[in-house]
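> sequence-free structure coming up:
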């Protein structure tokens, strides 16, 4: 009995040493995947004229639409309500591909229904916006949203 107890304690001690030697890693913010395929910045500078429309066609702020998913937008600078547009950029022209009105009523994460990929295939995409008053809107966006389990991001144009 004493010998069995000693052997059992030895096995438990070895098991504890082995499991303690297994390294564990914590991901840093830079290692965690973005909410979407590729997040790029956007910015609209609205002038205090009724119905100011802005489209961000800066090549650094565009992305390739790779699939038929919703567009992901994270609005971080928000002066008040504005309409958001998802656009295809084809042959130097902006083509609105937003499904239904997309009225952004607060900062934060949004998804936008669109038909960019369904209409034009794999093309450059960009965002547009309209606001009745002046102010700046900015944030990050991606032409292709990548769903993660537990996500509860609302569509701005249900």
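All right, it came through fine. Note that this is a predicted model, so its numbers are computed, not measured.
> what residue ranges in the protein are flagged as low confidence?
For the chain, applying pLDDT under 70 flags the ranges 1-37, 49-52.
> can you give me the helices in it?
2-21, 116-120 (DSSP state H).
> Return the backbone torsion pair for residue 107.
Residue 107 adopts backbone torsions of phi -70, psi 170, taken as degrees, to the nearest 10.
> what's around the nearest residue to it once chain neighbours are set aside, how many residues?
Closest residue in space to residue 107, ignoring its immediate chain neighbours: residue 78 at 3.9 Å, by Cβ to Cβ, 6 or more residues apart in numbering. Just so you know, the C-beta spots here come from the backbone N, C-alpha and C atoms, and that holds for glycine as well. Residues within reach of residue 78, counting by other Cβ atoms under 10 Å, total 17.
> Residue 78 contacts residue 137, doesn't it?
Yes: at 6.4 Å, residue 78 counts as touching residue 137 under the criterion of Cβ atoms under 8 Å.
> Common neighbours of these two, please.
Shared contacts of residue 78 and residue 137, defined by Cβ atoms under 8 Å, 6 or more residues apart in numbering, are found at residue 104.
> And the residue lying closest to residue 133 once chain neighbours are set aside, how close does it get to residue 136?
In space, and not counting its chain neighbours, residue 133 is closest to residue 48: 5.8 Å by Cβ to Cβ, 6+ apart. Using Cβ to Cβ, to the nearest Å, one gets 12 Å for the distance from residue 48 to residue 136.
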